[in-house]
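S.K.: whatever this is, show me its structure:
(one chain, ligands or ions: 1)
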Amino acid sequence: MIEIAGLTKSCGSTRVLDGIDLRVESARIAAVVGPSGAGKSTLARTINLLERPTSGSIVVNGRDLTALQGRELRTARREIGTVFQQANLLRRLTAAQNVALPLRHHGLPEAEIRRRVYELLERVDLLNRASHYPSQLSGGQRQRIAIARGLALRPSVLLSDEATAGLDPDTTASILALLRELRDELQVTILVITHEMDVVRGIADVVARLDRGRIVEQGPVAEVVRRSDSDLSRALLPVPAVAVPAGLDLWQVRYDAARVSPYWLARVGRTVGVDLALLSGLVEESAGSTVGRLTLGVEPRVDVESLRAALVTEGIETEAITRAAVVAERVEDPAA
Ligand SMILES: Nc1ncnc2c1ncn2[C@@H]1O[C@H](COP(=O)(O)OP(=O)(O)OP(=O)(O)O)[C@@H](O)[C@H]1O
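M.R.: Numbers count the residues shown, from 1 in each chain. The predicted model follows:
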């Protein structure tokens, strides 16, 4: 478990992190997202104490790392393994030697190092690449080796700073599957810093949005995607663009797929006496719940309150209505 409280980092007169509070339970994956310049990299470097925070605490398994100095700090830092965007492997060392580095640095006996390196390479499914040099590995394989190295000292927290940025979708998926395995099988707590919403949808249990050094929104992914009027929710579950048929109002609705009848669309149409057109939709399974966002095309003659009520009866929430006249204006002038 990692608990960050009141974390502040100033660089000269700039306050790059401004009172970050974030708690991640054991064996959970938290994602921190945010635009460029929000402070994500600084947060990563401060959490693993590559940089000292200006104030605040970073408590891992009950111990405040910011209160420690010298040897105590070096030992306690083992609790947090880090994987960066660039795998940062040493070019002249083989995969196995790279994984062994932190173990050598901490003076473990040679037999123990060999045993652990074997275990770690097996865990990341790269035993057959043990003697390869980084240049002989693919980007995904290099990241797996970096993850193995990050786990070498058996940390309870793994910090991933944009570890999948720049990887192709299949490779990203395989790295995310590995992180999930580490959470579930080794009970590692994982903090993923990313600008990729696919990563959040793919693995995060909880998500926090960082903006100008502050966490402006956070919560369990399954709950966040259900929020109305939430930037995180819209980013996680965007409304796809639609080709708009002339003369229809657009209704943007949201629902929890587990709670609605598969026949809701036809039933609502019958109740209000107009046909409803399904123009676009996105249904996402994330953190165990399935949430959908759809755009319906509706004839303007519909009684708005009756339709809204009929949707509510089916468990569907209306997020926005754009009347046909406004739609027509927008279609004529897309820059508006
Ligand atoms: N040492 C420093 N001195 C002054 N300003 C800094 C320093 N380090 C970071 N900053 C500023 O703090 C802000 C956050 O930087 P940071 O690199 O942490 O953001 P980021 O969210 O990781 O962005 P990106 O996704 O583009 O890497 C930026 O405006 C940056 O210019």
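S.K.: only C-alpha atoms for contact and neighbour calcs from this point on.
M.R.: OK.
S.K.: between the two ends of stretch 237-251, how far is it?
M.R.: 16 Å (C-alpha to C-alpha, to the nearest Å).
S.K.: same question but for stretch 182-197, I mixed them up
M.R.: Start to finish, the residues bounding stretch 182-197 are 21 Å apart (C-alpha to C-alpha).
S.K.: and it, is it in reach of the ligand?
M.R.: No. Stretch 182-197 stays clear of the ligand (C-alpha under 6 Å from any ligand atom), getting no nearer than 6.9 Å.
S.K.: average pLDDT for that stretch?
M.R.: Across stretch 182-197, pLDDT averages out at 93.
S.K.: stretch 70-78 too?
M.R.: pLDDT averaged over stretch 70-78 gives 86.
S.K.: tell me the buried residues in the helix or strand where residue 321 lies?
M.R.: Following DSSP states H and E, one finds residue 321 within strand 316-322. Burial within strand 316-322, assessed by neighbour count using 16 or more other C-alpha atoms under 10 Å, is assigned to 316-318, 321.
S.K.: then stretch 259-274?
M.R.: Judged by neighbour count (16+ other C-alpha under 10 Å), stretch 259-274 contains these buried residues: 264-265, 268-269, 272, 274.
S.K.: the lengthiest helix in the chain packs against which elements?
M.R.: Longest helix of the chain, by residue count under DSSP state H: helix 169-186. Applying 3 or more C-alpha pairs under 8 Å, 6 or more residues apart in numbering; DSSP states H and E, one finds that helix 169-186 contacts helix 139-151, strand 189-193, helix 197-203.
S.K.: hmm, who's touching it?
M.R.: For helix 169-186, contacts defined as C-alpha atoms under 8 Å, 6 or more residues apart in numbering pick out 27-29, 124, 140, 143-144, 164, 188-190, 199, 202-203.
S.K.: apply 6 Å and report the result again.
M.R.: 27, 140, 164, 188 (C-alpha atoms under 6 Å, 6 or more residues apart in numbering).
S.K.: thinking again about what came up before, which among the helices and strands packed on helix 169-186 is found nearest to residue 290?
M.R.: helix 197-203 (11.3 Å; C-alpha to C-alpha).
S.K.: tell me which residue of the stretch 51-200 of the chain lies closest to the ligand.
M.R.: Here the stretch 51-200 of the chain gets closest to the ligand at one residue, residue 195, 6.9 Å apart by C-alpha to the nearest ligand atom.
S.K.: who's in contact with that residue?
M.R.: Contacts of residue 195 by C-alpha under 6 Å, 6+ apart are residue 33.
S.K.: you'd agree it is in a helix?
M.R.: No. Under DSSP: H, G, I helix; E, B strand; the rest coil, residue 195 falls outside any helix and is assigned coil.
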